[in-house]
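1. dropping the sequence and predicted coords here.
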Amino acid sequence: MRRVEELSPSEIEARSMAIIAQELAARGGRHFSPQEELVVKRVIHTTADFDFARHLIFSDGAVERALEALRGGACIVTDTNMARVGINRRSLAALGGEIYCFMADEDVANEAKRAGTTRARAAMDKAAGLGKDCIFAVGNAPTALLRLYELVKEGRLCPKLIIGVPVGFVNVEAAKERIASLTDTPYIVAVGRKGGSAVAAAVCNALLYQICRK
């Protein structure tokens, strides 16, 4: 059997990141800016899936613009409570931001039922009414991404960043393609079927950790 190493949590993370860096270098492939690379590494650290080195795409200056927004107190809106609890709330609060997830709100459920649509779509409409600078982190619901696309195209929403990483099979790739077609909205998208709430949280934390120490 393999030898078990006795390491502290910080040593485990440092060792993991070193392994990820070594394997990425050995695999070659795409070039990322230093800030983008930190996002890619954090996602791989969370998932142990090196496919994200190929699947994650960034609009020009997306990370830099997101960091600027976070420093200015931008909030984060997620489409799942799993992503919400996975984001480092303390780091975000230190910058003046808050985390929102409206999926379980009664008014969102009522609006979704009235309109015959999904809670994810209704939650994005509620988020659009916050009147705050927001980063949207979508890891589960393609309908949330599709609604964000519509709100942007209608001029009703100007996200500081859209993290489009829902996982699944139905409308997932189409929703991601629409976000990646936006020309004036910063985005980080995981092309293809892979993603998930843990990935959405990992991207947010990768941004926060570039500003705040854990």
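-> Okay, I see it. Keep in mind it's a predicted model, so treat the numbers as computed, not measured. Numbering: from 1, shown residues only.
2. where along the protein do the helices fall?
-> Counting by DSSP state H, the segments of the chain that form helices are 9-27, 34-47, 52-55, 62-71, 81-86, 89-94, 106-115, 119-128, 142-153, 172-180, 197-209.
3. nearest to residue 161, out of those helices?
-> helix 62-71 (4.2 Å; Cβ to Cβ). In short, each C-beta sits where N, CA and C put it, glycine included.
4. list the buried residues for the helix or strand of the chain with the lowest mean pLDDT?
-> The least trusted helix or strand in the chain, going by mean pLDDT, DSSP states H and E, turns out to be helix 9-27, with a mean of 91. In terms of neighbour count (16 or more other Cβ atoms under 10 Å), helix 9-27 has its buried residues at 20, 24.
5. so, low pLDDT: which residues of this protein?
-> Applying pLDDT under 70 to the predicted model, the residue ranges of the chain that meet it are 213-214.
6. re earlier: right, so the helices of the chain: which one is the most enclosed?
-> For these, ranked by mean neighbour count under the definition mean count of other Cβ atoms under 10 Å, the leader is helix 197-209 at a mean of 25.
7. give me the angle between it and helix 62-71.
-> The directions of helix 197-209 and helix 62-71 differ by 70 degrees, with axes from the mean of the first three to the mean of the last three Cα atoms, to 10 degrees as the criterion.
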